[in-house]
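Asks: After the sequence you'll find the predicted model.
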Amino acid sequence: MKKNEQLIILELMNRRGMIKDKSLLYRLKNGFEGELEFIQWFGKYNKSHWTLETDYWFDMDGLKQIDDLLISSQKWIVVDVKHYWGKFQYINGNCILNNKLMKTDIFDSLETKTKKIRRLVADINSNIRVDSAMIFIGEHCQVELDCVPMAQVVMRNELMSFITGLEYANPMTDWMTRKIVDKLNEYRTKERPPDIALAPEQFSELLKGIQLDGCGHNDFSTDNRWITCKVCGTKETFKSVVSRHAIELSYLFYYYPKIVTTKNVHALMGGQITKRTVQKYLKEEFKVVGMRKNCYYKVR
Ligand SMILES: [Zn+2]
């Protein structure tokens, strides 16, 4: 599963010293980790022919996102994965997390999405049942409910039995698989565009310097092809480093693609590699758009 663009941007902004309030970053990161864990466990314990559609964005009278769709030929389950820490309460239709009232009713929102999926599935085969499940995957999460929600509530320590307890699913025929894929694609949309990104005038505020993939240090040695971290030994080729920094720029300034120029990539890398080298690899890797002086690279 891919990270969503909002999270990619926030992580990059964080590495460049551009975030003061990190709460959204932690929330999204946490959500992503919970989701990954669910996918891993599903892969491990699913022994019959259920398939998984993850991070499904669709538009059926409005844009919605579903964490996971569990799909079989007889039944589908719409799944939301919540990676909460602490105490979650559902009281009088209010969602309260660690004594703080949440803005959304997570059960209501899951039910709305489930109803939409029922409409979608009815077009495939009206005999397929659609249920929903709310998975609380946090290790240190307690849940207190004052009613029985429409969705099945599954705690972390019940997740294995939830997956192994799914009714046996027969193998899907090719015809059915195609029909499902087509139907999902009919409503599928791109994820919601990020609402956090930098403006060009913020370029000067960015922490500059080369950042190797998976290394947080800034003491490097270079030879003809490689940049090597003197602290942890991480190695990356010039070509990979240059293109990654170009991609990084395009995410940081998501709505200003023209910012990806040789000059700016060179500056982002703190001038630690010559402009000529930067340009050489950018030209090799990406399409040049525009004329000489005003040209930029199309990286996404
Ligand atoms: Zn390092």
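Replies: Perfect, I can see it now.

Asks: List, one by one, the residues from the protein near the ion.
Replies: 215, 217, 229, 231-232, 234 (C-beta under 5 Å from the ion). All C-beta spots, glycine's among them, are computed from the backbone N, C-alpha and C.

Asks: Take these and keep only those in strands.
Replies: In strands, judged by DSSP state E, the following of these are found: Cys229.

Asks: Just the buried residues of the residues of the chain next to the ion.
Replies: 215, 229, 234 (16 or more other C-beta atoms under 10 Å).

Asks: residue contacts, the first one?
Replies: Cys215 makes contact with 229, 231-232, 234 under the criterion C-beta atoms under 8 Å, 6 or more residues apart in numbering.

Asks: Let's have these in CSV, adding pLDDT.
Replies: Formatted as CSV, these follow (pLDDT from 0 to 100):
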residue, pLDDT
Cys229, 94
Val231, 95
Cys232, 95
Thr234, 94
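
Asks: in stretch 20-29, what's buried?
Replies: Buried residues in stretch 20-29, counted by 16+ other C-beta under 10 Å: 25, 28-29.

Asks: How about stretch 169-189?
Replies: Under the neighbour-count criterion of 16+ other C-beta under 10 Å, stretch 169-189 has 169, 172, 176, 180, 184, 187 buried.

Asks: Tell me the one among these nearest to Ser243.
Replies: Using C-beta to C-beta, Leu184 comes nearest to Ser243 of those, at 32.2 Å.

Asks: what pLDDT, on average, does the strand or helix carrying that closest one get?
Replies: Using DSSP states H and E, the element containing Leu184 is helix 174-187. Regarding helix 174-187, the rounded mean pLDDT is 96.

Asks: Counting by contacts, list what the worst-scoring helix or strand of the chain on mean pLDDT packs against.
Replies: The helix or strand of the chain with the poorest confidence is strand 220-222; it has a mean of 90 (mean pLDDT, DSSP states H and E). Contacts defined by 3 or more C-beta pairs under 8 Å, 6 or more residues apart in numbering; DSSP states H and E place strand 220-222 against strand 226-229.
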